[in-house]
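S.K.: Generate coordinates for the sequence data below:
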Amino acid sequence: MPIRYSYKDIKNITKRFNTKLGSGGYGSVFQGKLRSGGLVVVKVLNNSKSNGQEFINEVATIGRIHHANVVQLIGFCAEGSKRALIYELMQNGSLEKYIFSAQESASLSCEKLFNIALGVARVSDFGLARLYPTDASILTLTAARGTIGCMAPELFYRNVGVISYKADVYSFGMLLMEMASRRKNLNAMTENSSQIYFPFWVYDQLHDGLEITIENDTDEEMKLAKRMMIVALWCIQTKPNDRPSMKRVVEMLTQDDDLEMPPKPYFYRLDEPADGVGGDNSSSLSSDMSSVTGSKE
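M.R.: Reported below is the predicted structural model:
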């Protein structure tokens, strides 16, 4: 289980937050070093008024996850309003580095990305949204933590549906789409304005029976990428009940027959037209990668 550290320990590990690696909606990330000499990453979360025991329960859930493609949680801090998470340092960088790399030597093949995605899917509920469970399926959310664009809409819009383990499915789907396409889901600088929010463009292409070409991919790799994209579209359905379980995700990724196309996703219920096909508002989301998953290749 993860080790509990004091806030003083956190300051010592990070040398008083000397080396900042990045920041996001959750807080800031710093590089650190344990007494044993091991290098770590420390996520210092924004000040929280939530119950400390609920945070510790969340940490216990994430701390039970051990997988080659999911970064390991080493420790945590819960002292007053101070919250921090300590992860192992990914020596080879995050998965983002390998998905979006312009250098061919640093990129991963579609098959390798598929195997990573399948491995993460088999970890099932890998803790992006899971908090203290109130019953078998519905979870309590005391503070939404994660990256906008990877976070499920029910974390923001109460009329979409209840918060459940399906929030993790949504996050996985957003990641899977970026792995399949090797591009950001949201790119305001794209030459084709219809591709600004990539999942909508992908849906329209596949729905119209058009092929999606990925540079340098073979025909077999493009078939694999297409399967990943269809599964991703199922995972990012706006209503939680419309998303598959992670067990079903694994089945869809590995089955041989063609996959059924899902309904078109939309951002939130106000966008939903009468026929249930989503609108094209793409300004609400950013698609920074969540750092919970990483590559150790």
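
S.K.: separation between K33 and K97?
M.R.: Going from K33 to K97 by CB to CB, to the nearest Å gives 22 Å. C-betas here are computed from N, CA, C, even on glycine.

S.K.: Run through the chain and note the low-pLDDT ranges.
M.R.: Applying pLDDT under 70 to the chain flags residues 24-25, 47-51, 65, 67-70, 101-106, 124-149, 158-159, 161, 187-196, 267-297.

S.K.: what are the ranges of the helices in it?
M.R.: 7-13, 52-63, 95-99, 110-122, 166-181, 198-207, 219-235, 246-254 (DSSP state H).

S.K.: now the shortest one, how far from the centre of its chain.
M.R.: Translated: helix 95-99. 13 Å (CA atoms, centre = their mean, to the nearest Å).

S.K.: Among the helices of the chain, show me which one is buried the most.
M.R.: Mean neighbour count, computed with mean count of other CB atoms under 10 Å, is highest for helix 166-181 among the helices of the chain, reaching a mean of 25.

S.K.: Next, the angle from that one to helix 110-122.
M.R.: 170 degrees (axes from the mean of the first three to the mean of the last three CA atoms, to 10 degrees).

S.K.: and helix 166-181, what other elements does it pack with?
M.R.: helix 95-99, helix 110-122, helix 198-207, helix 219-235, helix 246-254 (3 or more CB pairs under 8 Å, 6 or more residues apart in numbering; DSSP states H and E).

S.K.: Pipe these into TSV and attach distance to K11 per row.
M.R.: Listed next are these as TSV, based on distance: least, CB to CB, whole Å:
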stretch	distance to K11
helix 95-99	28
helix 110-122	33
helix 198-207	41
helix 219-235	39
helix 246-254	37
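
S.K.: and M179, which of those is closest to it?
M.R.: M179 lies closest, by CB to CB, to one member of those: helix 110-122, at 4.6 Å.

S.K.: Tell me the gap between that closest one and the middle of its chain.
M.R.: 14 Å.

S.K.: rewinding a little: can I get the helices of the chain in a markdown table including distance to E79?
M.R.: Listed next are the helices of the chain as a markdown table, based on distance: least, CB to CB, whole Å:
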| stretch | distance to E79 |
| --- | --- |
| helix 7-13 | 5 |
| helix 52-63 | 8 |
| helix 95-99 | 31 |
| helix 110-122 | 31 |
| helix 166-181 | 27 |
| helix 198-207 | 40 |
| helix 219-235 | 36 |
| helix 246-254 | 33 |
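
S.K.: do you know which of those helices lies nearest G37?
M.R.: Comparing those by CB to CB, helix 7-13 comes nearest, at 11.7 Å.

S.K.: one step back: any idea which of the helices of the chain gets closest to P262?
M.R.: Here helix 219-235 is closest among these (CB to CB), at 4.6 Å.

S.K.: So what touches that closest one?
M.R.: 109-111, 113-114, 117, 169-170, 172-174, 176-177, 179-181, 199, 202-203, 206, 211-214, 217, 243-244, 249, 252-253, 259, 261-262, 265 (CB atoms under 8 Å, 6 or more residues apart in numbering).

S.K.: could you give the angle of that helix to helix 198-207?
M.R.: 120 degrees.

S.K.: Okay, angle between helix 219-235 and helix 246-254 too, please.
M.R.: Going by the same axes, to 10 degrees, helix 219-235 makes 160 degrees with helix 246-254.
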